Each structure stands twice: as C-alpha cells, then as structure tokens.
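Chemist: coords please:
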Amino acid sequence: MIQDLHVAQREEDIGFYAGFLGASYMVGRAFASIFWGMVADRIGRKPVIALSLLSTIVFNTLFGLSVKYWMAITTRLLLGSLNGFLAPIKAYCIEVCRDEQQALGMSTVNTAWGLGLIIGPAIGGYLAQPAKQYPHIFNDKSTFGRFPYLLPCLCISTLAILALISCIWLPETLHKHTNLQKVVETAEPCTAQEHTESPKKSLLKNWPLMSSIITYSVFSLHDTAYSEIFSLWTVSDRKYGGLSFSSKDVGQVLTVAGACLLVYQLFVYRWLDKILGTINSTRIASALSIPIIAAYPFMTHLSGIRLGVVLYIAAMFKSSLAITRVSGTSLLQNNAVPQGQRGAANGIATTFMSLFKSVAPAGAGIIFSWAQKRQHAAFFPGDQMVFLLLNLTEVFGLILTFKPFLAVPEHYK
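Modeler: Numbers count the residues shown, from 1 in each chain. Reported below is the predicted structural model:
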C-alpha cells in the first residue's frame, strides 16, 4: 500500500512508512481504551461492543478509499479511537464462563484476535490490487482499480456488519452480576462488605493486576513487531535477506497458521492450562518461542519444498505459542479485580498494550529498513539482527513472568 501511496522514495524506506501507518491505530486506541472500559462498567458491555463494530464498518471502509498517506493515517487513528470493544469483550468472556471454563473463554477471545492478525493479512494478500491480480475480472478503470485496497476493506467491513447484526442476540452480563451481588449481600454480610470495599481500591495500586498488564504489554509488543517483520521479511528480496515471496504466498502461510491456531484453541489450550496451570504454560510458551525466532534468518538458505515445510511449521508453532502467552496473562488480569472493575481494568490493559503496540510497528519498520542496509555487517548482519532484537524482547517478557515482578492473584494460590 505504501508503494501505491507514493510516499516512500526508495524500496528500503517502505518499512519505515508502513510502521507509522500501523502504529496510528494503536495510538488512537491507547488514548480511548480506559474511557471505553469505564463506559462498559457504567452502561454495560453490549452497547460499547455494538458501537465499536459500527465504527469499524465506517472507518475501515474509508481506509480502503484512501489515496493519500495522511488520509490512511487519519482513518486508522479514528478507527483506533472509536474501537473500544477489546476491554468489554474480555470482561464479557470471563463473566459468561464458569471458573473451569475461563481458560477456554479467554483463549477464544485471544484466538479471535490472533486469527484477525493472520487472516486479515491473508485477505489483503488475496484481494488487494485486484486489477493486477485478477485482470480478467477487474480493470484499471473500475472502482477497485482506482482504489486497489477497497476490496479487502469491504470484505472486513462485511464481516463487521454480520457481527453487528449478531449483537441483537447478545445478552448483557453486567446487570446479571449486579443482581447476583445483591443476593450475596442479603445472605452473607461479610462477603458483601468485601464486594463493596474492593471497587474503592485504586486499580493502579493493584500490583497483581499491574504486573500482569506490564507482562502482557511486553508480549504484545513482541507479537506485533513479529507480525510486522514477518510480512516485510517474507516479501523482501533475497538480496536483502528476505524470501522473495509474493503477497499471495504470505497470505497462504498465514492462513494455514490461522487454521492451526483454531485447532489449538479448541482442542489443546484448555487441556494444557489445566495440566500445567496458567503461569507455567505462559512461561513454557515464551521459552519455546525463542529457538523458533532464532531459526528464521537461517531459512534463507533453503528453497522449494524444504523452505515451505519449515516455514509453515514455524509459523504454526509461533502463532500457537503467542496465543498461550497472551491468554495466560489476560486470565491473570481478569482474576485480579472484582467484576465491577473488570471493564476499567481491561481498559487500562488495552491502553498499555496499545501504547506498546503503537511503538512496535514503527520500531519494527525502522529497524527492518536499517537492517536491510547492513547485509554484509560482521556482527549479526541484516535479518539476523532483526530477529535477535525480537528474541531479546521475548527473553525480557519471560523474565517478567517470575517473582518478584509477577504477583499472582489469590485465584491462583
């Protein structure tokens, strides 16, 4: 898209501008997430989810109509600011699940997010620039020829419309828990006092919550940077240390990884969480991600079927391990606060995560552009430096999952 917007003067600068475009959404979400979380605690989860889907439909379509770089940046920024459903949807999944089903509920939400990161680029790879990819169907003078990225955006907006319609049958959870609390107040006075006092505690002073949010944010930074670098690395020329893949090839890899992620979430994660526990599964997933990331730069020595097999396996394992980490830290967050503060707590988590994620695409793009200019350096040349920095971020996140930094909520003691 950056090439078609004619903002990058050289091929090596594409990653730089692409990073800032990706960061604009996260900047907008960072400023608004706490507000939307507090609104969800006040008026309910369902209205905020519905309004967020409506904003997605409008501004995602406008993004596809962008013909200038500033237009693309602005629509992404507004989309992030008005897209507030991540905080209420996480609170919602905890509230509709029993304790033993919470791991499955949270992994479902995070898997949906992970699938979006995978299937979204796949849709872009297959449907972007349709006049070039499918000239027998679209011509350059058609609407999709003049707006080469409108078709994938319309596809995403259509999915958002279906989700918005489904909100008609979405039950509200906030009032149900309020009624339940009234019953508890009548039956158990001591417990009622705990429930009424706990919302007064400042969320920023709740260390089990804040430590899990910081850990979650570091992992989110890593995952976003990985997603940005993976796409840039696979499509870049082999002379720059890439794989020379087409957008369609990258889309196929990400689609297979998404299918694997769905199977993992449905059949493996809940069993893994039950056996290893939330904290241990998070630590193991983080540790196993390190050798996979380290192997990527050496895949440039492969070709043909061997490259395909190794790359597909690595992408599938990496996406599954990423969901394990994010799901684990999300469970820790939601069990560190009472129900009445859950929306605001997830809003804080989303703000922190969005701030980290706003840095990740821009930082990854800048580092990737810099690395392409040092392919023959003696110390970690080119792409090796990129993946080394990714691994250092992963190691830092792994360290944060241990005491004394990470405080475990009472739910897990």
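
Chemist: I'd say residue 330 and residue 91 touch.
Modeler: No: in this structure, residue 330 is not within contact of residue 91 by CB atoms under 8 Å, at 10.6 Å. All C-beta atoms are positioned from the backbone trio N, CA, C, and that covers glycine.

Chemist: Look up phi and psi at residue 245.
Modeler: With angles defined as degrees, to the nearest 10, residue 245 shows backbone torsions of phi -80, psi 160.

Chemist: The closest residue to it other than its chain neighbours: what's it in contact with?
Modeler: Spatial nearest neighbour of residue 245, chain neighbours left out: residue 234 (4.4 Å); criterion: CB to CB, 6 or more residues apart in numbering. Shown here is residue 234, whose contacts under the criterion CB atoms under 8 Å, 6 or more residues apart in numbering are 242, 243, 245, 249, 250, 253, 311.

Chemist: buried set for the helix or strand encompassing residue 234?
Modeler: Using DSSP states H and E, residue 234 sits within helix 207-235. By neighbour count, and taking 16 or more other CB atoms under 10 Å as the criterion, the buried residues in helix 207-235 are 208-235.

Chemist: Please apply the same query to stretch 22-33.
Modeler: Applying a neighbour-count criterion of 16+ other CB under 10 Å, the buried positions in stretch 22-33 are 22, 23, 24, 25, 26, 27, 28, 29, 30, 31, 32, 33.

Chemist: do stretch 65-75 as well
Modeler: The neighbour-count check on stretch 65-75 (16+ other CB under 10 Å) flags 65, 66, 69, 72, 73, 74, 75 as buried.

Chemist: Show me how far the host helix or strand of the fourth one is from its chain's centre.
Modeler: Going back to what we said before, that points to residue 72. Element membership for residue 72 (DSSP H and E) is helix 69-82. Helix 69-82 sits 18 Å away from the centroid of its parent chain (CA atoms, centre = their mean, to the nearest Å).

Chemist: follow-up on the earlier one: angle of the very next helix or strand once past the helix holding residue 234 against helix 207-235?
Modeler: If you walk from helix 207-235 toward the C-terminus, the next helix or strand you reach (DSSP H and E) is helix 247-267. Angle, helix 247-267 to helix 207-235, by axes from the mean of the first three to the mean of the last three CA atoms, to 10 degrees: 150 degrees.

Chemist: for helix 247-267, what is the average pLDDT?
Modeler: Taken as a whole, helix 247-267 has a mean pLDDT of 82.

Chemist: which residues sit against the helix or strand containing residue 88?
Modeler: Per DSSP H and E: residue 88 is located in helix 86-95. Contacts to helix 86-95, defined as CB under 8 Å, 6+ apart, come from residues 29, 33, 36-37, 40, 45, 48-49, 102, 105-106, 108-109, 113, 173-174, 176-177, 330, 333-335, 339, 342-347, 349-350.

Chemist: Which entries within these meet the buried criterion?
Modeler: In terms of neighbour count (16+ other CB under 10 Å), the buried residues within these are 29, 33, 36-37, 40, 45, 48-49, 102, 105-106, 108-109, 113, 173-174, 330, 333-335, 339, 342-347, 349-350.
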